[in-house]
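Visitor: How does the following fold in three dimensions:
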Amino acid sequence: MGHRDVATVGLGGPVGSGKTALVQRLVPRLDEAGYDVGVIANDIMTQEDADRLRDSFEGLVPPELVEGVETGACPHTGIREDPSMNLAAIDSFTESHPELDVVLLESGGDNLAATFNPELADYFVFVISVAEGDDIPRKRGPGVTQADLLVVNKTDLAPYVDADLEVMREDAEAVRGGAPTRFTNCKAEEGIDGVVEHIEEGVLFA
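Guide: Residues are numbered from 1 along each chain as shown. Now for the predicted structure:
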């Protein structure tokens, strides 16, 4: 993990895929499992997601452990090309809370090419939405093919957008070389426990 003293999970994906909603579901479960959690929300020029998450976690996560990072440019900049702002935020977390177990680092909305610098994230979760179309997995973007875990979110919308979940499952298996994929409906909190299990196995138990 380089100079960092805490496990870091990067969550990327296109605009509207449900990254923030997933973080909102993950944090309470990680807290229940006994982990001390910090959260960083990246965006270009706003603190909106960070403010939303801070309000969501009131009484659960100390407000100083929910940080917004404004990249001022393409989200790739802050999570891949130059992760210095995010690394500084993580260092600030660990200096004030050395007991911290894991940081969830959400990227600003991006496209299928989003990936995390390995110096920044120990584990990479890529989130796509069923509403984007059931052909997304077979488009083979780096996020889909390289993520440690692919999350196909908003499964409840499949009947309304003519998306075939089984096709998405088969395509994901075909392009991901055996790496795991999980299907979620954050609104109904379906599939979240499976995501937590993969995070634990991938980085917290490692």
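
Visitor: Around His76, how many other residues sit close by?
Guide: Neighbour count of His76, defined by other C-beta atoms under 10 Å: 20. The C-beta positions use only the backbone N, C-alpha and C, and glycine is treated the same way.

Visitor: what comes into contact with the lowest-mean-pLDDT helix or strand in the chain?
Guide: The weakest-scoring helix or strand in the chain, judged by mean pLDDT, DSSP states H and E, is helix 75-76 (a mean of 74). With C-beta atoms under 8 Å, 6 or more residues apart in numbering as the test, helix 75-76 has contacts from Gly12, Asn42, Asp43, Ile44, Ser107, Gly108, Gly109, Asp110, Ala113, Ala114.

Visitor: dump the residue contacts of the residue nearest to Arg138 when sequence neighbours are not counted.
Guide: Excluding the flanking residues, the one nearest Arg138 by C-beta to C-beta, 6 or more residues apart in numbering is Asp171, at 4.3 Å. Neighbour list for Asp171: Asp134, Asp135, Pro137, Arg138 [criterion: C-beta under 8 Å, 6+ apart].

Visitor: How is the most far-flung residue of the chain relative to its centre assigned, secondary-structure-wise?
Guide: Residue farthest from the centre of the chain, counting by C-alpha atoms, centre = their mean, is Asp162 at 25.9 Å. With DSSP: H, G, I helix; E, B strand; the rest coil as the basis, Asp162 sits in coil.

Visitor: Show me where this protein has its helices.
Guide: Along the chain, counting by DSSP state H, helices occupy 19-32, 48-56, 75-76, 84-96, 142-146, 165-175, 192-199.

Visitor: still on that earlier bit, among the contacts of helix 75-76, which pair sits farthest apart?
Guide: Asp43 and Ala113 (17.7 Å; C-beta to C-beta).

Visitor: Pick out whichever of those two has more residues nearby.
Guide: Asp43 (20 against 13).
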